[in-house]
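Q: Sharing a sequence plus its predicted fold:
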Amino acid sequence: MIYKVIAKSQFKKLVQGLVRENQTIAPKMVDRDRNGKPLYQFKQVHSYEEMDLDYTVTYSSVKNFFLPYREELSRFSFEDADWEQKIEYRVNPRVIIGLRPCDINALAILDKVFIEGPYPSPYYIARRRNTFLIGMDHMPLDDCFCESLNQHALRDGCNLFCSDIGDSYYLSINSSKAFGFLKNFKTSDPTERDNATYIERRKLIKRSFKTKVQVSGLPSFLDIEFKSPMWDKWGNKCLSCGTCAMVCPTCYCYGVEEEIDVNLAASRKERFLYSCNAIDFAQVAGGHNFRPDKGQRLKYRFYHHYRGFAENADEQICVGCNRCGRACLAGINPKDVINDLRMETGE
Ligand code: SF4
Ligand code: SF4
């Protein structure tokens, strides 16, 4: 990692240069809530002015720029006893600006599944390899709990990371591409004062988390709580709408559908994101449903996030962004469910 400092005025020019040359995605205000507070989403932008880099939080994560809600995997056509297959996964280079550390860490978790896992996805890899990521630090919201999961600080996975140190950004340069690009702009080596301000900023962020979730020993604790009545208590509130999985930066369960023309001349296969809370998620041929109850489905979502993935990849899949908690109309959120389970056993 190489560190540099860039004045915010120079950084603006850097971003303007990127926007001119590439498809660019950045946080943007899209609406206001009923209390007049701005609502942000990651959207394609065409100028620096369109971005809201001081945004609070986006309701959805950037996951869908890598795993679209629905995408075509392949297309077949049949003619004269011959057939042709079309598979398209090339993407043009693009830039995503303004990701928070937990969102970048979430992409690193998806990498474990779709790049390093036993069945790498060429569709995901193409998008990931062609996306230049610029992360930015931020002061946590009252309900963020990424610090509890040690996901509040960046580990890896982006090209450039900016920490706000007043009139400048303290840059962590993570790739040769970013280093080469920065040569066109005025940067300087960090002074002792810059280093001190940067360290102070990191400490301030770490101690500003108001929401704490006790996750130590959670995998074995969940084993003990497998039959807890708490799952039904929370499950009975669940609307099985699947919103939590859609907004979550790491939920990746999907279904695959194949559509065949009635004349059997063509077909297409699509992958679509799915939610393990949806009523038919575990339904199989013959109408048998392995998880007919809402409590069971909710439980398995928690087991995947805090137990199953940890067992296979040494890491919990949740990054503590609380997007699921904010979006859930039934008021279900990881902090309350986990605390409830712990209280039941007097932990
Ligand atoms: S937990 Fe909430 S957001 Fe998720 S499926 Fe249930 S009601 Fe919907
Ligand atoms: S807090 Fe919720 S939305 Fe965020 S990573 Fe964890 S499970 Fe997903």
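A: That came in fine, so what should we check first? Ligands and ions are numbered 1, 2, ... in the order given.
Q: Only C-alpha atoms from now on, for both contacts and neighbour counts.
A: Fine.
Q: ok, Arg75 - how many residues close by?
A: For Arg75, the neighbour count with other C-alpha atoms under 10 Å is 18.
Q: my read is it is in a helix, agree?
A: No. Per DSSP: H, G, I helix; E, B strand; the rest coil, Arg75 lies outside any helix segment and is strand.
Q: Find the residue at the geometric middle of this structure.
A: Pro249 (2.3 Å; C-alpha atoms, centre = their mean).
Q: my guess is that residue contacts Val62, does it?
A: Yes. Between Pro249 and Val62 there is a contact under C-alpha atoms under 8 Å: 7.0 Å.
Q: what residues do the two have in common as contacts?
A: Residues touching both Pro249 and Val62 (C-alpha atoms under 8 Å, 6 or more residues apart in numbering) are Asp103.
Q: Report the contact partners of the residue nearest to Cys241 when sequence neighbours are not counted.
A: Leaving aside its chain neighbours, Cys241 sits nearest to Ala278 (6.3 Å; criterion: C-alpha to C-alpha, 6 or more residues apart in numbering). Ala278 makes contact with Ser240, Cys241, Gly242, Arg297 under the criterion C-alpha under 8 Å, 6+ apart.
Q: quick one: Ala278 from Tyr69, how far?
A: From Ala278 over to Tyr69 the distance is 15 Å, taken as C-alpha to C-alpha, to the nearest Å.
Q: Next, count neighbours for Pro93.
A: Residues near Pro93, counting by other C-alpha under 10 Å, number 16.
Q: Could you verify my assumption that it touches Ile25?
A: No. If you go by C-alpha under 8 Å, Pro93 and Ile25 don't touch, sitting 11.5 Å apart.
Q: Name the residues of this structure found near ligand 2, please.
A: Residues of the chain lying close to ligand 2 by C-alpha under 6 Å from any ligand atom are Cys248, Pro249, Thr250, Cys318, Val319, Gly320, Cys321, Asn322, Arg323, Cys324.
Q: What are the structural domain limits within the chain?
A: The chain breaks down by automatic domain parsing into domains covering 2-71+87-207, 218-253+272-344.
Q: So the longest one, near ligand 1 or not?
A: Meaning domain 2-71+87-207. No. Figure legend: domain 2-71+87-207 not in contact with ligand 1 (C-alpha under 6 Å from any ligand atom); closest approach 12.4 Å.
Q: before we move on, which element is the residue nearest to the centre of the chain in?
A: Using DSSP states H and E, Pro249 maps to neither a helix nor a strand.
Q: and what of Lys269?
A: strand 266-273.
Q: Give the buried residues for that strand.
A: Within strand 266-273, the residues scored as buried using 16 or more other C-alpha atoms under 10 Å are Ala266, Ser267, Arg268, Arg271, Phe272, Leu273.
Q: likewise stretch 230-248?
A: Neighbour counts over stretch 230-248 (16+ other C-alpha under 10 Å) mark 230-232, 234-235, 238, 240-248 as buried.
Q: Moving C-terminal from the helix or strand of the chain with the lowest mean pLDDT, which element do we reach first?
A: For the chain, using mean pLDDT, DSSP states H and E, the weakest element among its helices and strands is helix 309-313, scoring a mean of 70. Using DSSP H and E, the helix or strand that follows helix 309-313 towards the C-terminus is helix 323-327.
Q: show me what contacts Tyr300?
A: Applying C-alpha under 8 Å, 6+ apart to Tyr300 gives the contacts Cys276.
Q: What strand or helix carries it?
A: Using DSSP H and E, the element containing Tyr300 is helix 294-303.
Q: Can you turn the buried part of the residues of the chain next to ligand 2 into a ChimeraX selection?
A: The following ChimeraX line selects those of these that are buried, judged by 16+ other C-alpha under 10 Å:
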select :248,249,250,318,319,320,321,322,323,324
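Q: which residues sit in contact with the residue in the stretch 151-300 of the chain that ligand 2 sits nearest to?
A: Relative to ligand 2, the nearest point of the stretch 151-300 of the chain is Cys248 (3.6 Å; C-alpha to the nearest ligand atom). By C-alpha under 8 Å, 6+ apart, the contact list for Cys248 reads Ser60, Ser61, Lys63, Arg323, Cys324.
Q: Taking those residues together, which two end up most distant?
A: Longest distance between any two of the contacts of Cys248 is 13.7 Å, between Lys63 and Cys324; criterion C-alpha to C-alpha.
Q: about what we covered before: which of the contacts of Cys248 sits closest to ligand 1?
A: For the contacts of Cys248, the nearest to ligand 1 is Cys324 (6.3 Å; C-alpha to the nearest ligand atom).
Q: Which residue, other than its chain neighbours, is closest to Arg70?
A: Nearest non-adjacent residue to Arg70, counting by C-alpha to C-alpha, 6+ apart: Phe272, 4.2 Å away.
Q: Helices of the stretch 151-300 of the chain, residue ranges please.
A: 176-182, 192-207, 218-224, 230-235, 243-247, 294-303 (DSSP state H, counting those that start in this stretch).
Q: Can you add mean pLDDT and give the ones you listed back as CSV?
A: Below are these laid out as CSV (pLDDT from 0 to 100):
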stretch, mean pLDDT
helix 176-182, 93
helix 192-207, 97
helix 218-224, 84
helix 230-235, 94
helix 243-247, 97
helix 294-303, 94
